[in-house]
Structures are given as structure tokens and as C-alpha cells.
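Chemist: Got a predicted structure plus its sequence, pasted below:
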Amino acid sequence: SAVISQKPSRDICQRGTSLTIQCQVDSQVTMMFWYRQQPGQSLTLIATANQGSEATYESGFVIDKFPISRPNLTFSTLTVSNMSPEDSSIYLCSARFTSSGANVLTFGAGSRLTVL
Amino acid sequence: RKEVEQDPGPFNVPEGATVAFNCTYSNSASQSFFWYRQDCRKEPKLLMSVYSSGNEDGRFTAQLNRASQYISLLIRDSKLSDSATYLCVVNNYSGYSTLTFGKGTMLLVSP
């Protein structure tokens, strides 16, 4: 099965700073997805990272706050800019893979961010 | 009405018990459905897809009721290792696929 690696796995940051999360996939994928999971909340899609074009952001998320890079078909980064305590969350990278004929959304282990 | 709604639980059951979770969805045009499992401090992982005719995978049975817009997950002979949060996921397609996640139902299986 496909493997998605994320780093850092966790970090504690000061407000006002920025953090970049890296996501590496062990096979080429067209789209990669960045989700946020705040405590007690459901997973929320931040944006879809497309190779060769700008990321597509969901309602409530903007590029200035969450810039995304997608330099090739196996790698993406998400930056959380000018952080505040409200950004404390788990950030998850994901991609779709075909498994037994089905299209399965697979997640990285997540990056747990705490903003002080 | 929330797009995907689940009872957050926790459901506390003894080993060997049978437990069922429901999940309701608001978009009648939703096309596919999934149950994911999320262990504490881990990423969600696909447990099973939910087919229109219902499907079974070992001790797990998933069913879909389109008329009432809900899906269910039944776990028989609960194991301690079944303790986790179970996420209901609904896929809507309108030019592109959009997955909507429920907040999850927590299951605690005790000895």
C-alpha cells in the first residue's frame, strides 16, 4: 500500500511565526490534499495541491495564510503563516490511491502543531 | 442540518458485545460512503466502503439507507483493539469529488 510521510510530526511554535510542513508520497499522484483536524472537530479540507498549477482552496482558507507548494508529483508543502493559538491543530496530508479497484484516500501520520 | 452527523459517544461496551453506529447525511445526491477508523493520536485509515446492497468484512457490517439518508456500521464480538473513533465519510460529486467527514463516534471496549 502507498506510504505518505509527513514532517515534522509535531512542533510547538510562537505566535507570529510560520511553519512549513512537508509531505512525501512514495508514488506519483495527480492531486494531494491538505486537511486540518482541530480538537473535537471533523477533518476539514484546506486545499487541493495540484502539480503545475496553483492550489485550490476551500471556503474559509486563503493562500496568504496557507501557502502551498507542489513542485512535483510526489511532494508538497503546506505553510501555516503568522500563526496564532487558533491555528493549533493537526495538519494532515493525503492522496488518493487505487486499492483493489477502489479509490482510497490515504493520510499521512499528521503534524501536530501547538501555537503558544 | 449538518452535512454529516454522528453521535460523538463515547460508546462504552464490554468485550464480545455487538455495537452499532449510525451516521446521517444531508445531501441526497451523495454518491459514495465510507467508514474510516482513527486511533488516538493517529491518522484516519479506511475501514470499509459502504455499498448500496450492504457489505460485510469479518466482524464489521456496513449498510446504506438512501431513503432515510443514513449509513450504519455494526461491529460484532467487539475486541479491545476495536477501541477507536469511527469517522463517517460522504463523497459528493459535482464536477469533482468532495469528501465530507463526520466528527466521529468514539468506541471504548473494556475487558
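Modeler: Yep, it's here.

Chemist: all contacts plus neighbour counts: C-alpha atoms, from now on.
Modeler: Fine.

Chemist: where does the chain have its least confident helix or strand?
Modeler: No chain specified, so I'll use chain A. Least confident helix or strand, chain A: strand A:102-107 with a mean of 84, by mean pLDDT, DSSP states H and E.

Chemist: Chain B, not that one
Modeler: strand B:97-101 (a mean of 88).

Chemist: what comes up buried for that one?
Modeler: B:99-101 (16 or more other Cα atoms under 10 Å in any protein chain shown).

Chemist: repeat for stretch A:75-92
Modeler: By 16+ other Cα under 10 Å, the buried positions in stretch A:75-92 come out as A:75-81, A:83-84, A:87-92.

Chemist: got the CA positions of it in CSV?
Modeler: Provided in CSV are the C-alpha atoms of stretch A:75-92 (Å, rounded to 0.1, in the frame of the first residue of the first chain):
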residue,chain,number,x,y,z
PHE,A,75,5.9,16.1,-2.8
SER,A,76,4.0,19.1,-1.4
THR,A,77,4.4,21.6,1.4
LEU,A,78,1.9,23.5,3.5
THR,A,79,3.0,26.6,5.3
VAL,A,80,1.0,28.0,8.2
SER,A,81,1.8,31.7,8.2
ASN,A,82,1.7,34.3,11.0
MET,A,83,0.5,31.7,13.5
SER,A,84,-1.9,32.3,16.3
PRO,A,85,-3.1,29.9,19.0
GLU,A,86,-6.2,29.3,16.9
ASP,A,87,-4.0,27.5,14.4
SER,A,88,-3.2,24.8,16.9
SER,A,89,-4.3,21.7,15.2
ILE,A,90,-3.3,18.5,13.5
TYR,A,91,-2.5,19.1,9.8
LEU,A,92,-2.8,16.0,7.6
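
Chemist: Go ahead and name everything in contact with that stretch.
Modeler: A:14-25, A:32, A:34-39, A:49, A:64-70, A:107-116, B:43 (Cα atoms under 8 Å, 6 or more residues apart in numbering or on different chains).

Chemist: how many other residues sit next to the residue in chain A that chain B sits nearest to?
Modeler: Nearest to chain B in chain A, going by Cα to the nearest Cα, is residue A:42, at a distance of 4.0 Å. Counted with other Cα atoms under 10 Å in any protein chain shown, residues neighbouring residue A:42 total 18.

Chemist: same deal with residue B:95?
Modeler: Residue B:95: 6 surrounding residues under other Cα under 10 Å.

Chemist: The residue of chain A closest to chain B and residue B:104 touch, don't they?
Modeler: Yes - taking Cα atoms under 8 Å as the definition, residue A:42 is a contact partner of residue B:104 at 7.1 Å.

Chemist: For chain B, which residues are neighbours of chain A?
Modeler: Residues of chain B found near chain A (Cα under 8 Å from any Cα of the partner chain) are B:42-46, B:100-104.

Chemist: Next step: the contacts of stretch A:75-92 restricted to helices.
Modeler: When DSSP state H defines the helices, the subset of the contacts of stretch A:75-92 inside them is empty.

Chemist: how about the strands of chain B, start to end?
Modeler: Using DSSP state E, the strands of chain B run over B:4-6, B:11-14, B:19-25, B:32-38, B:44-50, B:55-57, B:60-65, B:70-75, B:84-93, B:97-101, B:105-110.

Chemist: can you pull the alpha-carbon coordinates of the last one into PDB?
Modeler: Taking only C-alpha atoms (Å, rounded to 0.1, in the frame of the first residue of the first chain), the coordinates of strand B:105-110 have been written out as PDB:
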ATOM      1  CA  THR B 105     -18.000   8.300  17.100                       C
ATOM      2  CA  MET B 106     -15.700   7.100  19.900                       C
ATOM      3  CA  LEU B 107     -15.900   3.500  20.900                       C
ATOM      4  CA  LEU B 108     -14.300   2.200  24.100                       C
ATOM      5  CA  VAL B 109     -14.200  -1.600  24.500                       C
ATOM      6  CA  SER B 110     -13.400  -2.700  28.000                       C
END
